[in-house]
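>>> Got a sequence here, can you model it:
(one chain, ligands or ions: 1)
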Amino acid sequence: MLTLGINYSQMHDSSACIVRDGQLLFAVAEERLSRLKHDAGFPKLAIQACLDFAGAEPADLDEVCFGWQTAGPIFRHDLKLFALGRYPITYLNVLNSTRYFLSMWHQQSGAKRFTQLFGPSKARFRFVDHHFAHALSAAAYSGFDDSAVVVMDGRGAWEATSLWRTRNGRLEHILTIPYPDSVGVFYSEFTAYLGFQRNSDEWKVMGLAPYGKPGVDLRPFIDLAAAPYKVHTRRLFSSGAPFSAMISLLGPARLPESEIEDRHKDIAFAVQDACEAAMMSVVRLAIEKSGCRNLCLAGGVALNSKANGKIAASGLVEKLFVQPAASDDGVALGAALAPYLDNGGRFPNKPMRHAYFGPSFTDEQIEAALRTYKLRFTRLDDPAKIAAELLSNGKILGWLQGRMEFGPRALGSRSILADPRDPEMNAKVNNAVKFREWWRPFAPSMLAEKAPDYVESVTDSPFMILTAQVKPEMRSVIPSVTHVDGSARPQTVEKEINPLYWRLIDEFGRRTGVYVVMNTSFNLRGEAIVHTPTDAIRTFFSSGMDALVIGNFLVEK
Ligand SMILES: [Fe+2]
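Numbering: from 1, shown residues only. Predicted coordinates for the structure are as follows:
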């Protein structure tokens, strides 16, 4: 059976993946190919890339599975919220809701767009419940026989949080907390109030939080005593001026790019704290209702690596798997597996140990790109060794190797690398390359077997999706990847999974005694992570990086 999974909702992070007989072959977000960050358009480039990789024609597909219900149920839920007064009836809200419905209805929720672009197909079109798709994207890649599954995002068609359990390849629903009672919306509204972009910049709030102190009372917006949580949506979505309740209770909203005041840091602290408490409360409920201590997490809220780290360290869960593409790009993975559950079937359960499911480029293709730009380059016998040598000399490297990662994190295929020992390196990379906010931490990649030397509690973290505390004695050893609160968001690199990247870190360790490199995504601020050699070359020459190691080639400035 050949199935195509698609995320398309016109909201954010369109993506596609292709699965053959239960095996994920290829997955890519549209933004990487279109170069529009968080591209919400129909993922035509991603779909074509999936078909090309599988050597398939659209006619070969058995199922085309969208990770959303059709537009009707979403619109009906919105109408119900308007009628019940749970969603303010403003001109803009009604217009947005209606416009969304009409657009998706006209496109038959994506099916018509698919046929227009790829021709008629014998494939069955399937519209999978959004949270079901999220849940499957975590459970079916966890490798756990039995698990509790928690999905938390901004919204599905009507869901905000849902709990599930898996037993022998079946996925059973436990309960749903409907939208807009949503931790994701709570977090993203405060992200916007703090002057950042909703559904995109939540990282910035999470990074800012440790600079704040306790004291801001967010109980008017979220009640954590009402287990597992209750979001006061009437205040959150004020019907008057934007953020009117927040402004009257917490002061003026921060203007984008304006100075960060202590007040903003304290609010970020409170928002992060509330999110962690709500997630912990939901996880507790899921474990209680399912009777299972293996936990799978998905949905945009599960990108909160700080909260995930606390869940991992809480002792509540035995084993934890967080789908690395936890946001909506990942529903393509779950949707593509939905047909396996038909007629009493079971979902395939193949543990996901890496996220290298995207496109790759041969040395011939890379060399052609380098020659197009008339660049001077060196051919390398051992890119890992040369990269380690450059890093140990304080150089900032662009590193493009192998198949691109699926999900928001760069994990050693499309990365910018630097020396974590230099306390100034954070500022150097920020000034030279990332041009991003001073308070956002950079993350370490470390050899999996050396991880216990550097961090507490977490020793298995292949996806940089949970934080851990850096051991006190190591904070001065790797200062540029240790956050102000002593935490880090490690990637543990296994030799069998990514031998080249493993060897780079090992070579760096042999030279310096530190088996850790600083790893951040290979992109400039506000841009999607690089995809092609040409993207990498452009980014390299638009920044202060010192060298580019791309396939078996080295370009230096
Ligand atoms: Fe979602």
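
>>> use CA for all of it now, contacts and neighbours both
Will do.

>>> quick one: contacts for Lys319?
Shown in contact with Lys319 (CA atoms under 8 Å, 6 or more residues apart in numbering): Arg293, Asn294, Leu295.

>>> Could you measure from it over to Leu297?
11 Å (CA to CA, to the nearest Å).

>>> ditto for Arg284
Distance, Arg284 to Leu297, by CA to CA: 13 Å.

>>> Neighbour count: the two, which is higher?
Set Arg284 next to Leu297 and count neighbours by other CA atoms under 10 Å: Leu297 wins out with 28 against 17.

>>> Show residues contacting whichever strand or helix holds that one.
Using DSSP states H and E, Leu297 maps to strand 294-298. The contact list for strand 294-298, computed with CA under 8 Å, 6+ apart, reads 134-135, 137-139, 142, 144, 146-152, 287, 317-323, 325-327.

>>> Check which residues of the helix or strand following that strand are buried.
Next helix or strand after strand 294-298 toward the C-terminus (DSSP H and E): helix 305-313. The neighbour-count check on helix 305-313 (16 or more other CA atoms under 10 Å) flags Ser305, Lys306, Ala307, Asn308, Gly309, Lys310, Ile311, Ala312, Ala313 as buried.

>>> Stretch 383-403 too?
Buried, per 16+ other CA under 10 Å, within stretch 383-403: 383-392, 394-403.

>>> for the helix or strand Trp399 falls within, the distance to its chain's centre please.
For Trp399, the enclosing helix or strand under DSSP H and E is strand 397-400. Its chain's C-alpha centre and that of strand 397-400 lie 21 Å apart, by CA atoms, centre = their mean, to the nearest Å.

>>> Beyond it, next helix or strand please.
Using DSSP H and E, the first helix or strand after strand 397-400 is strand 414-418.

>>> for that next one, packing partners?
Packing contacts for strand 414-418, counted by 3 or more CA pairs under 8 Å, 6 or more residues apart in numbering; DSSP states H and E, involve strand 397-400, strand 516-521.

>>> And the ones you listed: which comes nearest Thr362?
Thr362 sits nearest to strand 397-400 of all the helices and strands packed on strand 414-418, at 11.4 Å, using CA to CA.

>>> which helices and strands sit right next to that closest one?
Applying 3+ CA pairs under 8 Å, 6+ apart, one finds that strand 397-400 contacts helix 383-392, strand 414-418, helix 533-541, strand 547-550.

>>> List the residues that contact the closest residue in space to Glu367 that isn't next to it in sequence.
Closest residue to Glu367 apart from its sequence neighbours, by CA to CA, 6 or more residues apart in numbering: Phe553 at 7.9 Å. By CA under 8 Å, 6+ apart, Phe553 lies in contact with Glu367, Phe377, Thr378, Arg379, Leu380, Pro383.

>>> Contact partners for the fourth one?
Meaning Arg379. Contacts of Arg379 (CA under 8 Å, 6+ apart): Asn552, Phe553, Leu554.

>>> Show the contacting residues for Gly394.
Per CA under 8 Å, 6+ apart, neighbours of Gly394: Ala418, Asp419.

>>> Show the backbone phi and psi for it.
Here is the backbone geometry of Gly394 (degrees, to the nearest 10): phi 80, psi 10.

>>> ok, back up a step: restrict the contacts of strand 294-298 to the buried ones and give me that as a PyMOL selection.
In PyMOL, this line selects whichever of those come out buried by 16+ other CA under 10 Å:
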select buried, resi 134+135+137+138+139+142+144+146+147+148+149+150+151+152+287+317+320+321+322+323+325+326+327
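
>>> Out of the contacts of strand 294-298, list just those in strands.
Among the contacts of strand 294-298, the ones falling in strands (DSSP state E) are Asp146, Ser147, Ala148, Val149, Val150, Val151, Met152, Lys319, Leu320, Phe321, Val322.
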